[in-house]
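Asks: Could you look at this predicted model? Sequence included:
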Amino acid sequence: MALTLRMSILTSVGALALDAAWLNAANAQGADEIIVQARKRAESLQNIPVAASVLGQDDIIELGGIIDPDQIAENLTGIQANSGVTGAPGDNQEFFIRGAGSGRVQQTDPATIQLRNGANIAGGNFGRVGSPIDFFDLEQVEVYRGAQGSLYGRSAA
């Protein structure tokens, strides 16, 4: 009886160790880790304490590149794009997250901000008249939901 119990315990422990080793090997080979800059340093998307959506480089290549804000909105949840009044190149292009977006009134701060390589792109009609968003050489789009003001300044919602 004691010998049977010991054998079953050893067999179970051996099986658990085999499963853990197999999972680690599978994770190292097959899983692509998404790296984001949510806290101004490179981190895994799974390790950040904020709700985020990412459109990665592979996704952008699959789309054939991004030339319009609407393409971003169509491929990420919870974001809407507005290409301005006329939709013509040079018209205001802005994003809305959870209904909050850039201000259309001159000299106002937007409710959301857009960062390009970590730098704030001026918001509101005053900041972007005749300046469409440049999507050339775009590597990744990251959308963060929630209060980000402590890292990115006011209007980071």
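Replies: Right, received. Where do you want to start? Because the structure is a prediction, the values reported are computed rather than measured.

Asks: Out of the helices and strands in the protein, which is least certain?
Replies: None of the helices or strands of the chain scores lower by mean pLDDT, DSSP states H and E than helix 2-30, at a mean of 47.

Asks: next SSE after that one?
Replies: Heading C-terminal from helix 2-30, the first helix or strand you meet, by DSSP states H and E, is strand 35-36.

Asks: and the closest residue in space to residue 63 that isn't next to it in sequence, how many neighbours does it have?
Replies: Closest residue in space to residue 63, ignoring its immediate chain neighbours: residue 71 at 6.2 Å, by CB to CB, 6 or more residues apart in numbering. Using the backbone N, CA and C atoms, a C-beta is placed for each residue, glycine as well. Around residue 71 there are 18 other residues, counting by other CB atoms under 10 Å.

Asks: Okay, buried residues for stretch 46-59 please.
Replies: Within stretch 46-59, the residues scored as buried using 16 or more other CB atoms under 10 Å are 52-56.

Asks: Which ones among these map onto strands?
Replies: The members of those that map onto strands under DSSP state E are 52-55.

Asks: how about CSV for these, with distance to residue 115 and pLDDT added?
Replies: Shown next, in CSV, are these (distance: CB to CB, whole Å; pLDDT from 0 to 100):
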residue, distance to residue 115, pLDDT
52, 13, 85
53, 15, 87
54, 14, 90
55, 15, 92
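
Asks: Which members of the residues you listed are the farthest-apart pair?
Replies: 52 and 55 (10.9 Å; CB to CB).

Asks: The residue nearest to residue 63 touches residue 59, doesn't it?
Replies: No - using CB atoms under 8 Å, residue 71 is not in contact with residue 59; the gap is 10.4 Å.

Asks: List the residues that are in contact with both of those two.
Replies: Taking CB atoms under 8 Å, 6 or more residues apart in numbering as the contact rule, residue 71 and residue 59 touch no residue in common.

Asks: got a list of what the closest residue to residue 55 other than its chain neighbours touches?
Replies: Among residues not flanking residue 55 along the chain, residue 141 sits closest, at 4.1 Å (CB to CB, 6+ apart). Each residue near residue 141 by CB under 8 Å, 6+ apart is listed here: 54-55, 60, 66, 72, 76.

Asks: What backbone torsions are found at residue 141?
Replies: phi -120, psi 130 (degrees, to the nearest 10).
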